[in-house]
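Visitor: What would the 3D arrangement of this be:
(one chain, ligands or ions: 1)
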Amino acid sequence: MNAVKIIGWFLLLGGLVAGCADKDGSREDRAMNRYIDRLLGEMTVEEKIGQLNLTSIEGSVRTGPAIRTGTGEKIVRGEVGGLLNVMSSEKILELQRIAVNESRMGIPLLFGMDVIHGYNTVFPIPLGLSATWNRSSIETAARISAVEASAQGVCWTYSPMVDISYDARWGRVAEGAGEDPYLASEVAVAYVKGYQGNLTRNDQILACVKHFALYGAPEGGKDYNTVDMSRMRMFNEYFPPFEAAVKAGVGSLMTAFNEVEGVPAGANDWLMSDVLRQRWGFDGFVVTDWDAVREMTVHGIGDLQGVSVRALKAGLDMDMASQGFAGTLKKSYDEGKVTLQQIDRACRRILEAKYKLGLFADPYKYCDTARVKTDVFTPAHRAEARRIAAESFVLLKNRDNILPLDKKGSIAVIGPLADNRSNIVGTWSLGADYRTPVTILDGLRRTVGDRVELRYAKGCNLTYDTALERRVSQWGKSFPRDGRSDAAMREEALALARRSDVVVAVMGEAAEMSGEGASRTSLDIPDAQKELLEKLEATGKPIVLVLCTGRPLTLAWEQEHLDAILNIWFPGTEAGLAVSDVLFGDAEPGGRLTMTFPRSLGQVPIRYHHRKTGRPPHPDGSIAAYVTGYIDETHLPLYPFGYGLSYTTFGYGKVLLDKQTIHEGETLTARVEVTNTGTRGGNEVVQLYIGDRVGSVTRPVKELKGFEKIHLEPGERRTVSFTITPELLKFYDNRLEYILEPGEFEVMIGPDSHRTKSAVFTLTAAD
Ligand code: BGC
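Guide: Numbering: from 1, shown residues only. So this is what the prediction gives:
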């Protein structure tokens, strides 16, 4: 029996006794520390370094004897701390058995996976989830993801990604929560709660907030590119969601690929030690992104041994995939370039995570293979995915209330995305079975049966650019080219449109046109589809565009010419049902934008909370020279942050404040009466923005500081109140002090970041 097994039994008993005797965490911490001290005392340096190694399976991935070669042998030698992307519970069970029974120390492995927006049941992509503006829906999606992933042996997810971005060229905006630090912080907390909840259970898993830091601000929107920005900006705009995740107890954090102030994030001492540990008190462990330690050699800051030393000293604990730590740290230790304390520090943090997950007490906690039958892709999970997908859809345009459609007459469903199963699950859907998602066409057919004459034509291929089409057909998400000519496909679609009452055009990006490594220099709907849309519009038939996208697109033509635009992002496995729910009015389009949609590519990067300049643009959007804007385009976006229509309308009363003046330390209440002025019940996201009129440093024109989602029946009115605390008025100045400055503040409340009503109050200094 190996060391871990013996102490494991004591741990189980001790834990039970301690748990009964004392609910106080500190006693458990003491028990954990004693346990890990003992382990560290018995481990060799090589075994400690092994814990810092996160790797994927090399060689055969079959179970059985083959698993014992390559990675299996390394596990036996104690050279592996965790594995990522092992896609089978049987295999995980077997690998865990090897670690526990055949390695000298018997330390269990971590099994990590990119469970990003669902596992077998796939939810909308994260940008879509953020558009729900619903903390509880996001928490539910994360919770279900944890249940399904843990049923298949996964105990650690590389989510949430909360990188702020203002640049829609960058494909990974699909995986974030948009442009706003306040909203992204709320979203981060919801994910962490959903994944981790109570880690004593076997259906909650460790979260990993990523990518720290500034990954969303690459120059030119090119993925992995250089970033350079002031610390004041980092603290005010890019760091808040990470800090929020840390405060919510996130167990791990992933560093970014990019440099921060000239040093790649995974070797950046200031980021990992000063900011993360000292300022925020993070007590989890830090892992790099894929191969990032080795990539530091390509960044040009040293050879593999040198960068590995630098990363460890800076506070990195685990090396994902590069073998930098595994391959060089022992040599560095022998040469006195790193100390045992530095290795122990990193090793301890990883062992702590394993302890907190309960893996020492029961290494097979996540290996209950029976759960695959009961806990995965269940009707209840799918029902939530359907509801949440509808809640993420953003209605961008609805001329003459053409939506919701009646379930009668004839509908032409047109477009290369209408009948594609693998595409609608979006960019990260490792656990999805591509036979199961409900296509848009399927969903509409199932909903209307034979009440509506529903006909389909593909109309065009994804794009005329066959090279691009090939690139986006990776990961099994294929867009088979139609054997017919472009002209023949188009004619079929146009003939169908002419014979139908209304056209539902399902078009936009393919899933793999956004996400990692998918930056674009055009934000238009791909050429072939755009051309078909124009021709469809020329038929004079009403056109409803159901838009698939992983990023803000430039839709000025569509806004001007089409009748309705419903942005569905990539909705997940229940896509078709959620789309038909919304198109026919059985559900509301519940989403509001969390990223500004520009009018044209030249406006990017763009965000609503920009700082004031000495030459502000005209608020009405008119074009002028010598102001902060363009001479050939308004500065205003097409759709602002927070925007989204409903099937009903809402009226906002005046913004009322209970005090005109407050002293430091006091709070005030802002109220607004919201009325459903339409004829249907509906949901509204009431948004609170605050603008600091004068600061010691320039301040944003406004910043989101609260929101509430309400439901009102026709004619119903409700007063929505927000408490404005000093915390909401604070910011980092250019000395990085988090300060509260007396002065005037404007409180703005409305349905989006542009259409607000306001009132002003004064904050005075304490006597
Ligand atoms: C991505 C990460 C991901 C990792 C592991 C990287 O390429 O940037 O977000 O977690 O791969 O799959």
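Visitor: list the contacts for the residue of the stretch 601-750 of the chain found nearest the ligand?
Guide: Nearest residue of the stretch 601-750 of the chain to the ligand, counting by C-beta to the nearest ligand atom: P605, 20.6 Å away. Bear in mind the C-beta positions are built from the backbone N, C-alpha and C, glycine included. Counting by C-beta atoms under 8 Å, 6 or more residues apart in numbering, P605 makes contact with 165-167, 221.
Visitor: swap in P240?
Guide: Counting by C-beta under 8 Å, 6+ apart, P240 touches 181-182, 184-185.
Visitor: For the residue of the stretch 601-750 of the chain closest to the ligand, grab phi and psi.
Guide: Dihedral pair for P605: phi -70, psi 150, per degrees, to the nearest 10.
Visitor: Look at it and report its pLDDT.
Guide: On the pLDDT scale, P605 is placed at 98.
Visitor: I'd like the distance from it to M595, if you could.
Guide: Separation of P605 from M595 (C-beta to C-beta, to the nearest Å): 10 Å.
Visitor: Equivalent analysis for D406, please.
Guide: According to C-beta to C-beta, D406 and M595 sit 33 Å apart.
Visitor: between these two, which one's more packed in?
Guide: Using other C-beta atoms under 10 Å, the more surrounded residue of D406 and M595 is M595, with 27 against 13.
Visitor: re earlier: any shared contact partners between P605 and M595?
Guide: Counting by C-beta under 8 Å, 6+ apart, the residues touching both P605 and M595 are 165-166.
Visitor: Most widely separated two among the contacts of P240?
Guide: Largest separation among the contacts of P240 by C-beta to C-beta: Y182 and A184, giving 7.4 Å.
Visitor: the more surrounded of these two?
Guide: Between Y182 and A184, counted using other C-beta under 10 Å, A184 has the larger neighbour count: 30 against 20.
Visitor: Can you tell me the element the more buried one falls in?
Guide: helix 181-196 (DSSP states H and E).
Visitor: Mind exporting the C-alpha coordinates of that helix to PDB?
Guide: The C-alpha coordinates for helix 181-196 follow below in PDB (Å, rounded to 0.1, in the frame of the first residue of the first chain):
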ATOM      1  CA  PRO A 181     -16.100  45.100 -16.700                       C
ATOM      2  CA  TYR A 182     -19.100  45.300 -14.400                       C
ATOM      3  CA  LEU A 183     -21.200  42.800 -16.300                       C
ATOM      4  CA  ALA A 184     -18.300  40.500 -17.000                       C
ATOM      5  CA  SER A 185     -17.600  40.500 -13.200                       C
ATOM      6  CA  GLU A 186     -21.200  39.500 -12.500                       C
ATOM      7  CA  VAL A 187     -20.900  36.800 -15.100                       C
ATOM      8  CA  ALA A 188     -17.600  35.500 -13.700                       C
ATOM      9  CA  VAL A 189     -19.100  35.100 -10.300                       C
ATOM     10  CA  ALA A 190     -22.100  33.200 -11.700                       C
ATOM     11  CA  TYR A 191     -19.900  30.800 -13.600                       C
ATOM     12  CA  VAL A 192     -17.700  30.100 -10.600                       C
ATOM     13  CA  LYS A 193     -20.700  29.500  -8.300                       C
ATOM     14  CA  GLY A 194     -22.200  27.200 -11.000                       C
ATOM     15  CA  TYR A 195     -19.100  25.100 -11.500                       C
ATOM     16  CA  GLN A 196     -17.700  24.900  -8.100                       C
END
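Visitor: other SSEs contacting that helix?
Guide: helix 126-130, helix 135-150, helix 240-247, strand 703-712 (3 or more C-beta pairs under 8 Å, 6 or more residues apart in numbering; DSSP states H and E).
Visitor: and the second one with strand 703-712, angle?
Guide: With axes from the mean of the first three to the mean of the last three C-alpha atoms, to 10 degrees defining the directions, helix 135-150 sits at 90 degrees from strand 703-712.
Visitor: which other helices and strands contact helix 135-150?
Guide: helix 126-130, strand 156-157, helix 181-196, helix 371-375, helix 379-392.
Visitor: how about the residues of the chain near the ligand?
Guide: Listed as neighbours of the ligand in the chain under the rule C-beta under 6 Å from any ligand atom: 114, 158, 210, 289-290, 516.
Visitor: Next, format those residues as a markdown table and append pLDDT and neighbour count.
Guide: Formatted as a markdown table, these follow (pLDDT from 0 to 100; neighbours: other C-beta atoms under 10 Å):
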| residue | pLDDT | neighbour count |
| --- | --- | --- |
| D114 | 97 | 22 |
| Y158 | 98 | 24 |
| K210 | 98 | 26 |
| D289 | 98 | 24 |
| W290 | 98 | 18 |
| E516 | 96 | 19 |
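Visitor: can you put these in CSV and add secondary structure?
Guide: Listed next are the residues of the chain next to the ligand as CSV, based on DSSP: H, G, I helix; E, B strand; the rest coil:
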residue, secondary structure
D114, coil
Y158, coil
K210, strand
D289, coil
W290, coil
E516, coil
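Visitor: Helix or strand for Y456, just tell me which one.
Guide: Using DSSP H and E, the element containing Y456 is strand 453-457.
Visitor: what sits against the nearest residue to E46 once chain neighbours are set aside?
Guide: Sequence neighbours aside, K330 is the residue nearest to E46 in space, at 6.0 Å (criterion: C-beta to C-beta, 6 or more residues apart in numbering). By C-beta under 8 Å, 6+ apart, the residues touching K330 are 45-46, 49.
Visitor: Tell me which residues touch the closest residue in space to G284 that isn't next to it in sequence, please.
Guide: Leaving out its chain neighbours, the residue that sits closest to G284 by C-beta to C-beta, 6+ apart is G251, at 4.4 Å. By C-beta under 8 Å, 6+ apart, G251 lies in contact with 196, 199, 206-208, 284-285, 353, 356.
Visitor: how about these in a markdown table, adding pLDDT?
Guide: Output for the contacts of G251, formatted as a markdown table (pLDDT from 0 to 100):
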| residue | pLDDT |
| --- | --- |
| Q196 | 98 |
| L199 | 92 |
| L206 | 98 |
| A207 | 98 |
| C208 | 99 |
| G284 | 98 |
| F285 | 98 |
| A353 | 98 |
| K356 | 97 |
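Visitor: returning to that earlier point: output the contacts of P605 in CSV, with secondary structure appended to each entry.
Guide: Formatted as CSV, the contacts of P605 follow (three-state DSSP):
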residue, secondary structure
S165, coil
Y166, coil
D167, coil
G221, helix
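Visitor: Among those residues, which pair sits farthest apart?
Guide: The largest separation in these, counting by C-beta to C-beta, is between Y166 and G221 at 9.6 Å.
Visitor: Now do the shared contacts for the two.
Guide: Jointly contacting Y166 and G221 under the rule C-beta under 8 Å, 6+ apart are 604-605.
Visitor: Tell me how this structure divides into domains.
Guide: What the record gives for the chain is the domain set 1-42, 382-595, 650-764, from automatic domain parsing.
Visitor: quick one: which of the ones you listed is nearest A146?
Guide: For these, distance to A146 was read as C-beta to C-beta. The smallest value, 12.1 Å, belongs to domain 382-595.
Visitor: Quote the end-to-end distance of that closest one.
Guide: Domain 382-595 has an end-to-end distance of 27 Å (C-alpha to C-alpha, to the nearest Å).
Visitor: could we number from 12 for the rest of this?
Guide: Sure thing, new numbering starts at 12, so read that last one as domain 393-606.
Visitor: ok now that domain, how far from the chain's centre?
Guide: Offset of domain 393-606 from its chain centre (C-alpha atoms, centre = their mean, to the nearest Å): 22 Å.
Visitor: Stretch 770-778 too?
Guide: Centroid separation for stretch 770-778 versus its chain: 37 Å, with C-alpha atoms, centre = their mean.
Visitor: Now that stretch: buried residues?
Guide: For stretch 770-778, burial by neighbour count (16 or more other C-beta atoms under 10 Å) applies to 770, 772, 774.
Visitor: how far away is the residue of the stretch 262-411 of the chain at minimum distance from the ligand from R146?
Guide: As assessed by C-beta to the nearest ligand atom, the ligand sits closest to W301 within the stretch 262-411 of the chain, at 3.8 Å. In this view, W301 and R146 are 30 Å apart by C-beta to C-beta.
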